[in-house]
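S.K.: I would like to see how this sequence folds:
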Amino acid sequence: MRTLETPRLILRPLTPEDFEDYAAMLADPDVGRFLSAEGSMSREDSWRNLALFLGHQQIQGFSNFAVVEKDTECFVGRVGPWQPLGWPGLELGWCLARRFWGRGYATEAASMALRYCFDDLGAAEVVSLVGVGNTRSARVAERIGHQYRGDIDLRGVRCHDYGQARPT
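M.R.: Alright, predicted model coming up:
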């Protein structure tokens with residue numbers, strides 16, 4: 001997995017060294033409410049979640065990227081593709097620490113990661129599964145060109161299914 005750059009961000013592979021920032025991000029109830037039934041993640045659950053993405057990288061050859069602010073080198077969050085066994089497609093997901101919300105970083109990072117999915121991974125289609133009520137993520141999905149395609153139940157969670165085919 002290579003490193004990608006946008007005007008303001010670096011997208012690089014997640015590493016175990018990202019754990020402290022990652023755990024702090026997922027401990028915030030405003031961040032975790034659409035990622036966990038509890039509304040935030042404990043350090044232990046955050047560790048397992050990071051390990052999930054690192055393991056996905058080993059098995060699939062791709063995973064979410066760490067998003068880092070170029071100017072400050074601060075960990076902003078994660079963005080990128082993943083497709084675990086039984087998933088309804090190659091999903092592009094994102095999660096940013098709350099202090100970085102409202103700056104356009106999610107859209108900037110997701111746009112770059114979407115190009116990676118099409119150009120590097122050769123995806124014919126990319127989906128984003130957005131928790132019902134997560135209007136911020138729904139707007140990001142629309143800004144990167146995804147179309148709303150209906151709702152699905154994914155492992156007991158109701159999600160809005162957004163997606164788009166490879167541009168021609």
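
S.K.: What is the end-to-end distance of stretch 95-107?
M.R.: The first residue of stretch 95-107 is 11 Å away from its last residue (Cα to Cα, to the nearest Å).

S.K.: chain center to it: distance?
M.R.: Using Cα atoms, centre = their mean, to the nearest Å, the mean C-alpha position of stretch 95-107 is found 11 Å from that of the whole chain.

S.K.: If you count neighbours, what's buried in it?
M.R.: Within stretch 95-107, the residues scored as buried using 16 or more other Cβ atoms under 10 Å are 95-97, 100, 105-107. Yep, even glycine has a C-beta here, placed from its N, CA and C like the rest.

S.K.: which residues are in contact with that stretch?
M.R.: The contact list for stretch 95-107 (Cβ atoms under 8 Å, 6 or more residues apart in numbering) reads 8-9, 21, 24-26, 28, 30-31, 35, 67, 69, 75-79, 94, 109, 136-137, 140, 143-144.

S.K.: what's the closest of the buried residues of stretch 95-107 to residue 43?
M.R.: Of all the buried residues of stretch 95-107, residue 43 sits closest to residue 97, with 15.5 Å by Cβ to Cβ.

S.K.: quick revisit: buried ones from the contacts of stretch 95-107, can you make that a PyMOL selection?
M.R.: Typed into PyMOL, the line below selects the buried ones among these, using 16+ other Cβ under 10 Å:
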select buried, resi 9+21+25+26+31+35+67+75+76+77+78+79+94+109+137+140+144
